[in-house]
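Trainee: for reference, the sequence and a predicted model appear below.
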Amino acid sequence: MERQQIETGTVIVTPETNHFSIPLFFCCQGGQHLHLQRRTSSSTFRRGRGERLELRKQQPPPGLLISARHASPAPPPPTPSLLPSPSLPFPSAMAVHDGGSEPLLLVPSGHPNRPATLAKSLARGALKLAMWALFLAWVAMFFVIPTEFGTDFYSDWEDATSGTLFGTQGSVLLLYSAPILLIAVLAVPYLLLSGGQDDVPAEKKSPGLRLGTFPVLVDGVFGVVTAAEFIGIATFVAFVLWAVYWYTVVNFEILPSYGDITSFEKRVQMLQMSAYIFGLTALTCLAFLFLPVARGSILLRLIGIPFEHATRYHVWLGNLTMFLLTMHGLCYFIVWFIRGIVLKSIIEWKSDGGANFAGVICYCFGFTMWVTTLPPVRKRFFELFFYTHQLYILFVIFFALHVGDTYVSKAAGGIFLFMLDRFLRFCQSRRNVDVISATSFPCGSVSLVISKPKNLHYNALGFIFLQVREISRLQWHPFSVSSSPLDGSHHLSVLIKSVGEWTGKLRESVSDLLVSQTQLYEPNASIVASVEGPYGHESPYHLMYKKLILVAGGSGISPFLAILSDVLHRIRDDKPCLPRDILIIWAVKRSNEISLLSTIDTDSICPSSSEKVNVDIRVYVTRESEPSLEEGKIEKVVSLNTRSRGGSMSVLVGTGSKIWSGAYVIISILGFLITLGLLDVCYLNPYSISKWWYRGILFLGCMVVSVIIFGGGVIYFWHRSENVTPAREEDREESERIGYMVDQETARNKLCENTNVFYGHRPDFKEIFGLVSDSWGCMDVGVIVCGPQTLQSSVAKEIRSQDLSRKGNSPVFHFNSHSFDL
């Protein structure tokens, strides 16, 4: 083997076979056409005289002129010529002759130069450093304010800034809410400088534990908690204890200022000040409460937290906030009861302080939402939970009436970012969306193929919120996508299992449409839906592991079908993709659910997939001891025509275009400051408006007006720029193919046939992970779980055990949950 280094390219010459391995694309050599032949791992160009040039598909360096010298004599090449090849990445190439060498290709420069790449990296680094500094300073401020030093600092800060345009309200807004809003603004250029949709997270150089994927708690009220999440929980608990302690210390110091009162009155006064302490602490938690539920928030995109994870944080924060508000109200009620002024104090509506009656109403709305979120209530009466949770609007309104503009300013950052997301979702969900096709399975699941525009991107771990107006005009339900973005550019698919009232009605609707089309001859029978999303991870983290273990329970197989399809498409198209070994563990109740595997045809996606990726599927049927006679049968298939009723999904989503979503955030924030300034200059200051409750509702009104007017203007132009050209006929044919238009005879494809099915028992994760640990060696193994809480806990417990007892040559398992329960 002879290796020649030519500039930045390497040519490997094998004299025995005349094979060349060259990191370039060839289009001609010596004036002779080179014919491309497909191979498993390379492309071979055959010349007319029988010699082969073999190359690995790599992007050529800019402006590189490569020549290869044959080991065996070759006749002199003819006169060089320019041969365009439209099928290759570069349209033209010049073949020249220089002595004994044969220059093969002159590649035009098309890659970004090193200075530009370095400048881009430096800019991203500077933005990241600035955002981290702002965030840490913001969090530290919450810890410092309750102390004696913080109390003095806060007083000095108000004195220094209250003389500005926005007054005391502006001082609080600048201190509490401006940092998080500024981070949202800086996140826009940071994300623009980051990679595109197809970028894959880089594999870690050496296996090791990570805070975000190592489960610390595997059971209990919090469910499975990773080390990073545990740190977050501990931080909030520490803050509450810290704040209560220091506020109490300060209160004891100011207690003598109330004069010569009895010891009993001192205790009552301390209880009243404790009530105020709980209110202040709850207000801090409220500043974070709305951040996780902004589904398309630019902050969630920035830190890479998908909405299904952020939902859990919202639940935790909501429980903590309501506990503190309960203590706040309870302490005040006890004080009023002792002083005999309960009724008078409850209905009191102060103008120079907190409006008590507004606070009571606010708490009633919050308590109603809190009770219906408890697991027994939420799971049994989901509709009740969903409808009562819409009371958050009234909760925020009466909160503003209760505390006034100054205290609202402390939580304004999170509330405003949530308003931005909610308004954008409202605009996106107004459009009727085509359900291109639907498939009904005997296990009770329904697959829907939904039309989307070509420029609306998502990844295989994404999900959407779906509303079907024929069933309910108010209910929205989340579903994981079951298709890869590479399956087609004009559609996505979801797999829905009938487990409740809403999903049961959806299955009935599909069955009724089948009757309409087949018996009543109504070809235009259709389902019209509204869609919010898609949401999900900013980057496809499932592609960063060479080996994957996917654990599903029931309908939890849906995102893993998307992952498998995504991996096969990427391997076929030579896109960045690390996974080469995929183990799927699927626990189901009945064997008729196995037919869901027929929704993906591995052979049609990647014909040689078995040579490039090893897929091992193990299905555990827990409630059957032997195979069913109708296993794999698809009961009925419905193809729907909705071109006359709806259209594609709207691109108006926070996880969509970075430029438009960034402009929406920045312009809305600027609009809020402008609106607030105009209110102060034109109304509040000239007319000396001082009523707390009135200023609070006006402050909230400024937020709403800025979102609708300034943000709405951006949405209008964003919508106008949307490419709404209809899908071509080939796109519709592809959509129907992805819509699982299969019959009973072809339902059992290769994926089903290669599946190992175990009847009558559940998966033994200790045995499974032990075998994997012995066979896969020292590397990072991604484990993704989608299923009920008991399944997640079992897998997390075994991962924690394996990682803690790991030896040097064993893999490191990384726990990732793709499950959430609204």
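Mentor: Happy to help now that I have it.
Trainee: any chance you could map the helices in the stretch 551-700 of the chain?
Mentor: Under the criterion DSSP state H, counting those that start in this stretch, the stretch 551-700 of the chain carries helices at the ranges 558-572, 602-605, 609-612, 658-679, 692-706.
Trainee: out of these, deepest packed?
Mentor: Per-stretch averages of neighbours, counted by mean count of other Cβ atoms under 10 Å, single out helix 558-572 among the helices of the stretch 551-700 of the chain, with a mean of 25. From N, CA and C alone the C-beta is placed, and that goes for glycine too.
Trainee: just to revisit the earlier point, the helices of the stretch 551-700 of the chain: which one's closest to residue 288?
Mentor: Ranking these by proximity to residue 288 (Cβ to Cβ) places helix 692-706 first, at 17.4 Å.
Trainee: show me what that closest one is packed up against.
Mentor: Counting contacts by 3 or more Cβ pairs under 8 Å, 6 or more residues apart in numbering; DSSP states H and E, helix 692-706 packs against helix 392-429, helix 658-679.
Trainee: what comes up buried for the longest one?
Mentor: Which is helix 392-429. Neighbour-count burial for helix 392-429, counted by 16 or more other Cβ atoms under 10 Å, picks out 392, 395-425, 427-429.
Trainee: likewise stretch 226-238?
Mentor: For stretch 226-238, burial by neighbour count (16+ other Cβ under 10 Å) applies to 226-227, 229-230, 233, 236.
Trainee: for stretch 264-280, same thing?
Mentor: By neighbour count with 16+ other Cβ under 10 Å, stretch 264-280 contains the buried residues 268-270, 272-275, 277-280.
Trainee: low-scoring stretches of the stretch 1-150 of the chain, by residue?
Mentor: 1-113 (pLDDT under 70).
Trainee: same question, the chain
Mentor: Residue ranges of the chain with pLDDT under 70: 1-113, 195-205, 515-525, 628-646, 723-754, 820-822.
Trainee: which SS state does residue 531 fall under?
Mentor: What DSSP: H, G, I helix; E, B strand; the rest coil gives for residue 531 is strand.
Trainee: report how many residues lie close to it.
Mentor: Counted with other Cβ atoms under 10 Å, residues neighbouring residue 531 total 25.
Trainee: that one is in contact with residue 450, isn't it?
Mentor: Yes. If you go by Cβ atoms under 8 Å, residue 531 and residue 450 touch, sitting 6.3 Å apart.
Trainee: overlap in contacts, these two.
Mentor: Residues touching both residue 531 and residue 450 (Cβ atoms under 8 Å, 6 or more residues apart in numbering) are 433, 464, 649.
Trainee: among the residues you listed, who's most crowded?
Mentor: The residue in the shared contacts of residue 531 and residue 450 with the most neighbours, by other Cβ under 10 Å, is residue 649 (27 neighbours).
Trainee: residues contacting it?
Mentor: Residue 649 makes contacts with 428, 431, 433, 450-453, 456, 531, as judged by Cβ under 8 Å, 6+ apart.
Trainee: one more pass at 7 Å, please.
Mentor: Neighbour list for residue 649: 433, 450-453, 456, 531 [criterion: Cβ atoms under 7 Å, 6 or more residues apart in numbering].
Trainee: for the closest residue to residue 194 other than its chain neighbours, helix, strand, or coil?
Mentor: Take residue 194 and drop its neighbours on the chain: the residue closest to it by Cβ to Cβ, 6 or more residues apart in numbering is residue 124, 6.9 Å away. The three-state assignment at residue 124 reads helix, by three-state DSSP.
Trainee: residue 124 contacts residue 193, correct?
Mentor: Yes. With contacts counted by Cβ atoms under 7 Å, residue 124 reaches residue 193, the gap being 4.8 Å.
Trainee: what's near enough to touch the residue most central in space within the chain?
Mentor: Centroid check for the chain by Cα atoms, centre = their mean gives residue 536 as the closest residue, at 2.2 Å. Counting by Cβ under 7 Å, 6+ apart, residue 536 makes contact with 306, 458-459, 461-463.
Trainee: count the neighbours of residue 244 for me.
Mentor: The tally of other residues near residue 244 (other Cβ under 10 Å) stands at 18.
Trainee: what are the phi and psi values at it?
Mentor: phi -60, psi -40 (degrees, to the nearest 10).
Trainee: tell me which element the nearest residue to it once chain neighbours are set aside is part of?
Mentor: Excluding the flanking residues, the one nearest residue 244 by Cβ to Cβ, 6+ apart is residue 277, at 5.9 Å. Using DSSP states H and E, residue 277 sits within helix 263-289.
Trainee: tabulate the buried residues of stretch 264-280 (CSV), appending distance to residue 370.
Mentor: Output for these, formatted as CSV (distance: Cβ to Cβ, whole Å):
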residue, distance to residue 370
268, 28
269, 29
270, 27
272, 24
273, 25
274, 21
275, 19
277, 21
278, 15
279, 16
280, 20
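Trainee: show me the two of those residues that sit farthest apart.
Mentor: Maximum pairwise distance among the buried residues of stretch 264-280 (Cβ to Cβ): 19.4 Å, between 268 and 280.
Trainee: relative to helix 392-429, how tilted is the helix holding residue 277?
Mentor: 0 degrees (axes from the mean of the first three to the mean of the last three Cα atoms, to 10 degrees).
Trainee: and the next helix or strand past helix 263-289?
Mentor: Using DSSP H and E, the helix or strand that follows helix 263-289 in sequence is helix 298-303.
Trainee: which helices and strands does that next one pack with?
Mentor: helix 178-193, helix 658-679 (3 or more Cβ pairs under 7 Å, 6 or more residues apart in numbering; DSSP states H and E).
Trainee: in the shortest one, what counts as buried?
Mentor: Buried positions in helix 178-193, judged by neighbour count with 16+ other Cβ under 10 Å: 178-184, 186-188, 190-191, 193.
Trainee: can you list contacts of stretch 556-576?
Mentor: Residues from elsewhere that reach stretch 556-576, judged by Cβ under 7 Å, 6+ apart: 57, 198, 200, 460-461, 480-484, 486-487, 495, 542-543, 550, 552, 577, 579, 582, 584, 586, 596, 599-600, 602, 605-606, 609, 612-613, 615, 786-787, 818-819.
Trainee: swap in 6 Å and give it another go.
Mentor: If you take Cβ atoms under 6 Å, 6 or more residues apart in numbering as the criterion, stretch 556-576 is touched by 57, 200, 460, 480-484, 486-487, 495, 542, 550, 552, 577, 579, 586, 596, 600, 605-606, 609, 612, 786-787, 818.
Trainee: which residues touch the nearest residue to residue 299 once chain neighbours are set aside?
Mentor: Nearest residue to residue 299, sequence neighbours excluded (Cβ to Cβ, 6+ apart): residue 184, at 5.9 Å. Going by Cβ under 6 Å, 6+ apart, residue 184 touches 298-299, 665.
Trainee: dump the residues you listed into JSON lines; add distance to residue 557 as well.
Mentor: As requested, the contacts of residue 184 are arranged in JSON lines below (distance: Cβ to Cβ, whole Å):
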{"residue": "298", "distance to residue 557": "32"}
{"residue": "299", "distance to residue 557": "31"}
{"residue": "665", "distance to residue 557": "36"}
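Trainee: my read: residue 484 touches residue 459, true?
Mentor: No. Under the criterion of Cβ atoms under 6 Å, residue 484 is not in contact with residue 459, lying 8.5 Å apart.
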